[in-house]
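Asks: sequence unknown, structure follows:
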């Protein structure tokens, strides 16, 4: 796969075989503070998959083989590209209580995300719907 030199952001949907999905909430960002999928912006020299691996490790403590990440959806967002990665695991490893930048980490499920309403970041909810995940 060839990646452009455009800036990009990534999101990672991690699911265990028991339906567990880690979410993060960043209280450093302006209010309101939504739960969201782990992810972030690419750094110079990174591929989207490398960014997904780094962001997941920083925000949740999960360190899995990069080859296990699969692209679920890509979007051109005008000024950047967005990559939604999926990572399926037998079970979740022990998660960090907080990310390296103070993000709150919780375990949820796709069903709980559907019910969160305004507590889950709308753009991430819409992306999951567009990808036929929820």
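Replies: Great, that's in hand. Quick caveat: nothing in here was measured; it's all calculated off a predicted structure.

Asks: buried residues, the biggest helix by length in the chain. List them.
Replies: Longest helix in the chain by number of residues (criterion: DSSP state H): helix 48-60. Buried residues in helix 48-60, counting neighbours by 16 or more other Cβ atoms under 10 Å, are found at 48, 49, 51, 52, 53, 54, 55, 56, 57, 58, 59, 60. Heads up, the C-betas are built off the backbone N, CA and C, glycines and all.

Asks: can you tell me what sits against that helix?
Replies: 3, 8, 10, 12, 14, 22, 24, 38-43, 46, 62-64, 66, 69, 71, 81, 83, 85, 87, 95-96, 99-101, 103, 105 (Cβ atoms under 8 Å, 6 or more residues apart in numbering).

Asks: doesn't residue 126 lie inside a strand?
Replies: No - read with DSSP: H, G, I helix; E, B strand; the rest coil, residue 126 is helix and lies in no strand.
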